[in-house]
Each structure stands twice: as C-alpha cells, then as structure tokens.
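Enquirer: Provided below for reference: sequence and predicted model.
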Amino acid sequence: MIDIKALQNNFDEIANKLQKKKIDESLLQNLKELSLELKEKKAILETLQAEQNAKSKLFPVYQKEGKDIASLKAELNENKQKISIAQEIMREVEEKLSAIAMGVPNIPDESVPLGVDEEDNQELKKVLDIPTFDFEPKEHWDLDADQAWIDFERGVKLSKSRFSVLKNDGARLERALSNYMLDFNRSRGFEEVSVPFITNEESLKGTGQLPKFGDDLFKIEGENLYLIPTAEVPVTNLFRDEILTADELPIKLTAYTACFRKEAGSAGRDTRGMIRQHQFGKVELVSITTPEDSDKIFDEMVSCASDLLKSLGLAHKLVLLCGGDLGFSAAKTVDIEVWLPGQNRYREISSISNTRDFQARRAKIRYKEGKKNILVHTLNGSSLAVGRTLIAIMENYQKSDGTIEIPEVLKEYMR
RNA sequence: GGACAGGUGGGUGAGUUGGCUGAAACCACAUCCCUGCUAAGGAUGCGUAGGAGUAAUCCUACCGAGAGUUCGAAUCUCUCCCUGUCCGCCA
C-alpha cells in the first residue's frame, strides 16, 4: 500500500511519480479526499465515545451517593445511538478508502525509466557472449523428440494444457538444478527455508496479489486458501504482523517452491513448449532489510542471480524495467533474460524487485529503531525459474547429434 | 472429522457477583546509580495503531477474530478461527 499520509502532504509529487505507472490522478485525488474525510469522521466518533466513557463512569458514583440514575441513563442511551450512526458512517468511508488504497500500485523509483511496455525497458548489461553453433540449433520441443525429457501430452492428460511431465535425465536435471541453486544461494548468505505451497488470503494481500489479481490464482474450493503463484508470498509473509529488531536485519532467505499461475491474461502466448506453464518450480530469494540497506541488498540479489547463470555458462542480459512494465508491488525491477539459441532471442528467466515499504505497510512488517517502529523494505527475486533454466540448458548445450551436454557445475548433482 | 479443555503484553501468568485493569506480579530487555569483576543490589523505563498539541500530556480503539447484550465487557451470549489432549484417519 502506498503511504496515505504522504499522499496528503505531498500530493503532487506522488501523483507525478505514479504517472510512470499510468495511474489516473483523479483516483489519487479521490483517495486523498477520502483519507481526510475519514480523519474527520473518526474525530467525531471518538469525541462521542470519550463522552460515553466518561459519563458511564459516573454510574457507580451516583449509586454510592444514592442519586437518580434514570436521566443519566436516558442521556447515554441517546448518545449511544449517535455513536452507532457515527460508526456506520466511518465504516463506509473506511471501506471505500481501503478498496481504492489496496488497488493503487507502488510508486516507482526515481531511476525507473519512462515507458509503456517492454519495448521501453533499459538494457543494463550483457553477460557472456552468446554461443555459436556450426548447425541450426533447435528449439527445446524439437530437441526433446530425441531426449524424451518432457512429456507434454501426458501432462495434459493428467491435468490440462500448460502442464507437463519431466522424465529421464530431464527429471533428474530439474532436481539437480534446484539443489544447485539453493546451495549457490546459501553460499551467498541466503538461508534456506521450506514453506507451504498453499497460503491464505491475508498473506496474498500482504504481498499485493490480492485483492486485485485474484484471477491469476488457483483458489481452493470451499477454503480461504490459494496455491501460491511465487515463493515470495509465503516467505515474505513469514514476518507479517511482526516487529523485528534492528540486529536481526537484513534477513536473507532462499526457498524452492512450486508456483501455480492461471496465466489468465496470456491466452495464446507461448502455448508451445515449457516456457509458460500453470505449474513450475522456482528458487526464490527474499530479503527483509532496513530502508538504508535495501539498495545494496538489491544489487546483491541481482548479482546472485546473474552469477548463478554465469556459473551455468548461460549468456544473459540485465534489463531495467520501465514504469509501464513494472509490476504492481515493485518500486524497481531488474529482469534477467537468458539467451535461447533455438528461439534466437533472450527470454525472461528471473525478475528481481525492490518493493521498498509497499508490502511492509500492507503486511505490517516493522523493526524497532530505538523506541520507534519503522517499516522494513522487502525485496524478492527469482534465482531462477527452474523450468526455464532447464530449457536454457537444453538449447544452449545441444550438440549436432541431438544430445545435450550437462554443465560442469551440475555434474556432481547428477551422479 | 468427533469429544473435552483453553486462547490476556517479548515470555510466564493474575484478572468470572460486568465499573479507576490497557491490564497486577514475576522474568526478560534498556538506561542510570552503586559496586567492582565475569556475581549481587538499587532507580527508572518497557504493547500496537490512529488522532490533538512546540512539548509535558491528552483522547480513541485493541485482552484470538467478528457480531450481540449493557449506561459500561478481558469478564455475559452467539458464530468463526486457532492451540492442547483423547479418539478416528493418514504420508
């Protein structure tokens, strides 16, 4: 959630910054007015409540002194009516306010470039040269005809389209990759956690997937529970409603989870192959930091993911997302795109975001600085999407005879 | 899933004939004093959120969540959630 108080005080500045995400200024104006109205209505209610409290305390006194209670009681009964009306009014304003506030995206950083879509993203750097082949490199689904690593048909039989089954060395490679990634991240100071793949509504509100993006989630029928779209949800929410101490920070965690997405807005896109599945494995990085440290940790996370790809010998580039391409909760995002020779293009394989205090405000994650409680910064990033890494290895390590070499660092994980 | 017992501040734990209890006491923690050495003693402070005020301070809400009864609820009623124990079931 954005800082409503800041919106009251620096309206123009915030409205201006949110232009990058194409947010209508009238919506913000509405939000500001509602917040001021709420303050006003709340003051009215609190005055009435104070009166009720004070006068209620007179009852035992009157009784002791033998005074008449009836008139006082009548007076307070009347006041009680006023209170319930004031309460109703306040609740209405509050609901309107929170409905809008929960739907306003995070404010982009100063450094985020202007732009409407991925065309306007800014390339930061390329890492490793793209490999050359003395034959025509195949796409992973063609390659797979020889390997039989991925069984698309039977994935569909078991579930539906956009599900697949891994077999043979494909299945083993997936597990090797997950293990390797976790070990790599641990060597960079990220502690491993294992979390539920199903979370409740509160958690999804905390990280920003709800209430706005419910269509992207698989909901469990009859329960207030959802399949997680990313480990970011359970791992960040580990600290929801908590007040941490300064010396606990930064908290740096890594977790492997399956991720589940409806891909509601992606009809027809990437229907072939394993690029866009309803279920995929991902190793995630999550950091909880002080505001001062969050830029530094962000860079560490980007390096971690980039170095991981480098260690696998996979050429990639780092891209700074423009305002229009930035996600709902992110103030700043760097995507990492890996080179896929078969497709002859770079494809997203990781996305690292600093949400600043946006999620922390929603999830009430704070830390103690002296006597004050300060919102932490939360950051998350993939390191990496396992399925896409598998594809990248297939396409980059393919031989002219259709076999696939295993990257050196993974060999010990494949024994 | 069934039966019973519970859910109070960082922890332990008082508080049921409803009313100076937002919450005793103890522990932990922080600062200071004393003392001096890996101990002891003393003083003070120590929940969250919002609002008013330069500030001291004051007001409101919160004792698992929500609703209700009442002039007034941590204390009574209802619903839900969670924890423990026993039973059932199960990797």
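Expert: The structure has been received and is ready for your questions. Numbering: from 1, shown residues only, chains lettered A, B, ... in the order given.

Enquirer: RNA strand B contacts on the stretch 151-300 of chain A?
Expert: For the stretch 151-300 of chain A, the contact set with RNA strand B under C-beta under 7 Å from any atom of the strand comprises residue A:243. No exception for glycine: its C-beta is placed from N, CA and C like everyone else's.

Enquirer: Looking at the stretch 151-300 of chain A, what residue ends up closest to RNA strand B?
Expert: Of all residues in the stretch 151-300 of chain A, residue A:243 sits closest to RNA strand B, at 6.0 Å by C-beta to the nearest atom of the strand.

Enquirer: what pairs with that residue across the strands?
Expert: Judged by DSSP bridges, the bridge partners of residue A:243 are residue A:366.

Enquirer: from what I can see residue A:343 touches residue A:139, true?
Expert: Yes: at 5.9 Å, residue A:343 and residue A:139 qualify as touching, with contact defined as C-beta atoms under 8 Å.

Enquirer: anything in contact with each of these two?
Expert: By the contact definition C-beta atoms under 8 Å, 6 or more residues apart in numbering, residue A:343 and residue A:139 are jointly contacted by residue A:395.

Enquirer: Now do the contacts for the residue of the stretch 301-415 of chain A found nearest RNA strand B.
Expert: Using C-beta to the nearest atom of the strand, the closest approach of the stretch 301-415 of chain A to RNA strand B is made by residue A:373 at 3.8 Å. By C-beta under 8 Å, 6+ apart, the contact set of residue A:373 is A:243, A:366, A:367.

Enquirer: Ranking by neighbours, what's the top pick from those residues?
Expert: Among those, residue A:367 has the most neighbours (other C-beta atoms under 10 Å), with 24 neighbours.

Enquirer: What is the burial count for the residue nearest to that one when sequence neighbours are not counted?
Expert: Closest residue in space to residue A:367, ignoring its immediate chain neighbours: residue A:244 at 4.2 Å, by C-beta to C-beta, 6 or more residues apart in numbering. Residues lying near residue A:244 (other C-beta under 10 Å) number 18.

Enquirer: which residues touch residue A:244?
Expert: Residue A:244 makes contact with A:251, A:288, A:365, A:366, A:367, A:368, A:376 under the criterion C-beta under 8 Å, 6+ apart.

Enquirer: and which of those residues is nearest to residue A:87?
Expert: Nearest to residue A:87 among the contacts of residue A:244: residue A:366, at 28.1 Å, using C-beta to C-beta.

Enquirer: The closest one against residue A:376, yeah?
Expert: Yes: Residue A:366 lies in contact with residue A:376 (C-beta under 8 Å); the separation is 6.4 Å.

Enquirer: okay, and the common contacts of the two?
Expert: Residues touching both residue A:366 and residue A:376 by C-beta under 8 Å, 6+ apart: A:244, A:360.

Enquirer: Can you spell out the domain ranges of chain A, please?
Expert: Annotated domains of chain A cover A:4-101, A:118-413 [automatic domain parsing].

Enquirer: Of the ones you listed, flag the one that's most buried.
Expert: Greatest average neighbour count among those goes to domain A:118-413 (a mean of 18), per mean count of other C-beta atoms under 10 Å.

Enquirer: How far off centre is it?
Expert: How far domain A:118-413 lies from its chain's middle: 11 Å, per C-alpha atoms, centre = their mean, to the nearest Å.

Enquirer: same check, this time on stretch A:81-89
Expert: Counting by C-alpha atoms, centre = their mean, stretch A:81-89 comes out at 38 Å from the chain centroid.

Enquirer: hmm, back to that, can you put the contacts of residue A:244 in a markdown table and add distance to residue A:389 and pLDDT?
Expert: Shown next, in a markdown table, are these (distance: C-beta to C-beta, whole Å; pLDDT from 0 to 100):
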| residue | distance to residue A:389 | pLDDT |
| --- | --- | --- |
| A:251 | 25 | 95 |
| A:288 | 26 | 96 |
| A:365 | 30 | 93 |
| A:366 | 35 | 92 |
| A:367 | 34 | 91 |
| A:368 | 39 | 87 |
| A:376 | 30 | 94 |
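
Enquirer: could I get those as JSON lines with distance to residue A:144?
Expert: Output for the contacts of residue A:244, formatted as JSON lines (distance: C-beta to C-beta, whole Å):
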{"residue": "A:251", "distance to residue A:144": "40"}
{"residue": "A:288", "distance to residue A:144": "40"}
{"residue": "A:365", "distance to residue A:144": "43"}
{"residue": "A:366", "distance to residue A:144": "49"}
{"residue": "A:367", "distance to residue A:144": "48"}
{"residue": "A:368", "distance to residue A:144": "53"}
{"residue": "A:376", "distance to residue A:144": "44"}
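
Enquirer: hang on, the earlier thing: got the contact list for the residue of the stretch 151-300 of chain A closest to RNA strand B?
Expert: Residue A:243 neighbours (C-beta under 8 Å, 6+ apart): A:366, A:367, A:368, A:373.

Enquirer: again, 6 Å this time
Expert: Applying C-beta atoms under 6 Å, 6 or more residues apart in numbering, we find residue A:243 in contact with A:366, A:368, A:373.

Enquirer: To which secondary structure element is residue A:44 assigned?
Expert: helix A:25-56 (DSSP states H and E).
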